[in-house]
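1. what's the 3D shape of this:
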Amino acid sequence: MSAESASSIQRNQVDLLDFVNWSGVECLNQNSSHCLPNALKRDYREDEGLNLESDADEQLLIYIPFTQVIKLHSIVIKGPEEEGPKTVKLFANKEHMGFSNVNDYPPSDTVVLSEDDLKGKPVILKYVKFQNVRR
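-> Model prediction:
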């Protein structure tokens with residue numbers, strides 16, 4: 001989340017960074033030079049020169065566990081229009097998913113990102129699907 005998107009957090013909502021269980025975070029297919037902390041951690045995610053990218057193809061599989069049950073209202077994704085993600089599938093409370101079995105589960109929500117979304121605009125999720133998220 002960028003500084004501009006952090007300021008767009010609505011009242012009674014918080015940045016969930018403080019609730020991430022960092023020891024359990026995983027990212028499959030990430031390029032070791034352009035890894036997940038670049039996209040998530042404070043001071044890294046605000047740096048335009050740092051990003052997250054795949055080392056193999058256009059797919060990444062990101063697992064983010066939390067230290068407590070959270071309610072997820074929206075997500076913020078920044079990236080260049082030409083190279084940024086186009087479609088994001090979110091799976092609530094699923095663990096140990098890999099590329100071999102991810103298609104066995106229906107996503108809790110699927111987001112198709114627009115140019116504005118890739119500039120850091122919060123994307124509202126199907127809130128009812130993300131009321132008791134642990135991972």
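2. any idea how far residue 74 is from residue 64?
-> For residue 74, the distance to residue 64 (CB to CB, to the nearest Å) stands at 15 Å. Yep, even glycine has a C-beta here, placed from its N, CA and C like the rest.
3. roughly how far does residue 33 sit from residue 50?
-> 10 Å.
4. doesn't residue 27 belong to a strand?
-> Yes. Secondary structure of residue 27 (DSSP: H, G, I helix; E, B strand; the rest coil): part of a strand.
5. residues touching the residue nearest to it when sequence neighbours are not counted, list them.
-> Spatially, and ignoring its direct neighbours in sequence, residue 27 is nearest to residue 36 (4.1 Å; CB to CB, 6 or more residues apart in numbering). If you count contacts by CB atoms under 8 Å, 6 or more residues apart in numbering, residue 36 has them with 25, 27, 30, 52, 62.
6. helix or strand: which one has the closest residue to the fourth one other than its chain neighbours?
-> Nearest non-adjacent residue to residue 52, counting by CB to CB, 6+ apart: residue 39, 3.9 Å away. Remark: residue 39 resides in helix 37-40, with elements defined by DSSP states H and E.
7. residues contacting the next helix or strand along the chain from that helix, please?
-> For helix 37-40, the following helix or strand on the C-terminal side (DSSP H and E) is strand 61-63. For strand 61-63, the surrounding residues in contact (CB under 8 Å, 6+ apart) are 24-29, 36, 95, 97-99, 102, 135.
8. among the residues you listed, which ones are buried?
-> 27, 28, 36, 97 (16 or more other CB atoms under 10 Å).
9. hmm, back to that, now the residue nearest to residue 52: how far from residue 27?
-> 9 Å.
10. residues shared between the contacts of those two?
-> Residues touching both residue 39 and residue 27 (CB under 8 Å, 6+ apart): residue 52.
11. picking that back up, so how far is residue 64 from the residue nearest to residue 27?
-> For residue 36, the distance to residue 64 - CB to CB - is 9 Å.
12. let me see the mean pLDDT of the helix holding residue 39.
-> For helix 37-40, the mean pLDDT works out to 80.
13. need the residues that contact it.
-> The contact list for helix 37-40 (CB under 8 Å, 6+ apart) reads 17, 20, 25, 44, 45, 47, 50, 51, 52, 64.
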